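Undergrad: I need the structure of the sequence given here:
(one chain, ligands or ions: 2)
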Amino acid sequence: MGITSLKPSDLKGDPRPAGLLTSEQIPSAVESVLSSTDFIDIHTHLFAPEFGKIGLWGIDELLTYHYLEAEFFRSSPTTPEQYWALSKRDQADAIWHALFVENSPISDATRGIIAVLKAFDLPTDTTDLADARAFFQAQTIQQHTRRVLQMAGVSSVVMTNDPLDSAETPVWMNGGLTDTQFHAVLRLDRILWGWPLHWQLLVSQDYKVDEHASGNSISEIRRFIADWCGRMRPLYMAVSLEDTFRFPDASITSKILSEAVLPSCREFDVPMSLMIGVRRQVNPAIRLAGDAVGIADLLAVEHLCRDFPANRFLVSLLSRENQHELCVYARKFSNLMPFGCWWFMNNGSIVEEITRERIEMLGTSFIPQHSDARVLEQVIYKWRNMRGVLGKVLTDSYRMLDADGRRVSHHDIQRDVNRLLRTNFEKWTRRRPD
Ligand code: RAT
Ligand code: ZN
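TA: Ligands and ions are numbered 1, 2, ... in the order given. Below is the predicted model of the structure:
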């Protein structure tokens, strides 16, 4: 008898070939792959322990996260001025009292705190923070960091490194990063959109630039970037941009991006990450919590992807209204990698919507999430939440595929999850973080 191809209907009632899952087995297989696969956290504000104090961790830092500060001012009569005059510990107490004692912590950011406390078996419903403080004080940062990353199922953490931040320079000037779980990113906000306020910092480091980025400025900025690439070995370069970002235009941002940064990305063979859509400091009184969101004009992304085909772009957008358009552009440009559900997009319902939309339009050719963690232990709840959403979305996708006539195996699920949360990034950066 010759070889004939089997139609799914031929297999009805038959035992499935080894490795192929029944529709009923799909949810637990997806869950098991997601819980046993370590992810690469491709954008955070965390620091390796060797950076010392600028690496935030512990209950007081968790509670004073700016996502919680924004919620605090809605539920407390404390004014921003009164709040900023308090010590960190008193700020944390005030937030705990307002959001966790006097109110139910049902927002995503407040539930995150509860999930972290629970993960360490700490009380979640006390009126004070004594037990939590005692627990965190007893930790040593090296061991605690390893444990937290393991609890979060994260193998590598990508930092955000500002070459003009004097708090970071001691590490970079003294041999650089040694921790193999952490990786650098060259963040260029102060150069790309903050040039008028920061060009003199380059002058003070002996780069011959001027206020208008004219003359030798472009080649000097490239020399600056090259020096910092040497020190940091960044996985990519990055900038966050306002909703009003336009490209190309007559701005210094456009000039430095096209003439210095993108050529340097090509020279060092690294992608450029663009996070677009922030409306900075609409309420400066609440500081970091005072940024908002605006709809971006993605013509800028279209121009960049088309006019710079030899550059690879990682793009994340802050406005929900821009998400579908980004998927459409990713279908047009293979040098565009959508990533993450950034900041105000990182809420359960919106993450689910965006992730479904991306799978529907892009299959597995995108990077679903980054944590954006600023405080170490946040990775525990942020990645737990993401695994929950991905579990639902992938299960539904595989079940629909099964109903359409193609069965999936554990191997298929593992390959897809690896691609989404590991290898898409490794291929994009041409590097393999641990
Ligand atoms: O999500 C955040 O914490 C924001 O404040 C920003 O830092 C943003 O993620 C960024 O990288 O600009
Ligand atoms: Zn960030």
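
Undergrad: show me what from the stretch 151-300 of the chain comes close to ligand 1.
TA: In this structure, the stretch 151-300 of the chain approaches ligand 1 at residues 160, 240, 275, 288, judged by CB under 6 Å from any ligand atom. The way it works is simple: take the backbone N, C-alpha and C, and place the C-beta from them, glycine included.

Undergrad: who are the neighbours in contact with the second one?
TA: Put plainly, it is S240. Taking CB atoms under 8 Å, 6 or more residues apart in numbering as the criterion, S240 is in contact with 189, 275-276, 278.

Undergrad: I'd like those as TSV, with neighbour count and pLDDT appended.
TA: What follows is the contacts of S240, written out as TSV (neighbours: other CB atoms under 10 Å; pLDDT from 0 to 100):
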residue	neighbour count	pLDDT
D189	16	98
M275	22	99
I276	26	99
V278	23	98
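
Undergrad: greatest separation within the residues you listed: which pair is it?
TA: Farthest-apart pair in those is D189 and I276; separation 12.3 Å (CB to CB).

Undergrad: next up, the contacts around M159.
TA: 44-48, 182-185.

Undergrad: any idea how far P234 is from it?
TA: Here the criterion is CB to CB, to the nearest Å. By it, M159 lies 9 Å from P234.

Undergrad: what sits in contact with each of those two?
TA: Taking CB under 8 Å, 6+ apart as the contact definition, M159 and P234 share the neighbouring residues 183-185.

Undergrad: center of the protein - which residue?
TA: Closest to where the C-alpha atoms of the chain average out (CA atoms, centre = their mean) is H370, at 3.0 Å.

Undergrad: tell me which parts of the stretch 301-434 of the chain are close to ligand 1?
TA: Within the stretch 301-434 of the chain, the residues that sit near ligand 1 (CB under 6 Å from any ligand atom) are 343, 372, 374.

Undergrad: of the residues you listed, which is the most crowded?
TA: Scoring these on neighbours with other CB atoms under 10 Å, the highest-scoring entry is D372 at 22 neighbours.

Undergrad: pLDDT weak spots in the stretch 51-200 of the chain?
TA: The stretch 51-200 of the chain contains no residues with pLDDT under 70.

Undergrad: hey, where'd the strands end up in it?
TA: In order along the chain, the stretch 51-200 of the chain carries the following strands (DSSP state E, counting those that start in this stretch): 154-158, 182-183, 186-187.

Undergrad: so which of these is the most packed in?
TA: Highest mean neighbour count of the strands of the stretch 51-200 of the chain: strand 186-187, a mean of 26 (counted as mean count of other CB atoms under 10 Å).

Undergrad: which strands and helices sit next to that strand?
TA: Helices and strands touching strand 186-187, by 3 or more CB pairs under 8 Å, 6 or more residues apart in numbering; DSSP states H and E, are helix 217-232, strand 237-242.

Undergrad: closest to E71 out of the ones you listed?
TA: If you check each of these against E71 by CB to CB, strand 237-242 wins as the nearest, at 22.0 Å.

Undergrad: what pLDDT, on average, does the following helix or strand past the closest one get?
TA: Stepping forward along the backbone from strand 237-242, the first helix or strand reached (DSSP states H and E) is helix 252-256. When the per-residue pLDDT values of helix 252-256 are averaged, the result is 98.

Undergrad: just how off-centre is helix 252-256 within its chain?
TA: Once both centres are worked out by CA atoms, centre = their mean, to the nearest Å, helix 252-256 turns out to sit 25 Å from its chain's centre.

Undergrad: now the following helix or strand past that helix: buried residues?
TA: Counting by DSSP H and E, the next helix or strand C-terminal to helix 252-256 is helix 262-268. The neighbour-count criterion (16 or more other CB atoms under 10 Å) identifies 262-265, 268 as the buried residues of helix 262-268.

Undergrad: and if you look at stretch 62-76?
TA: Of the residues in stretch 62-76, those buried under the neighbour-count criterion (16+ other CB under 10 Å) are 62-73, 76.

Undergrad: buried stuff in stretch 283-294?
TA: 286, 289-291, 293-294.

Undergrad: got a markdown table for those, with pLDDT and secondary structure too?
TA: Listed next are these as a markdown table, based on pLDDT from 0 to 100; DSSP: H, G, I helix; E, B strand; the rest coil:
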| residue | pLDDT | secondary structure |
| --- | --- | --- |
| I286 | 98 | helix |
| A289 | 98 | helix |
| G290 | 98 | helix |
| D291 | 98 | coil |
| V293 | 99 | strand |
| G294 | 99 | coil |
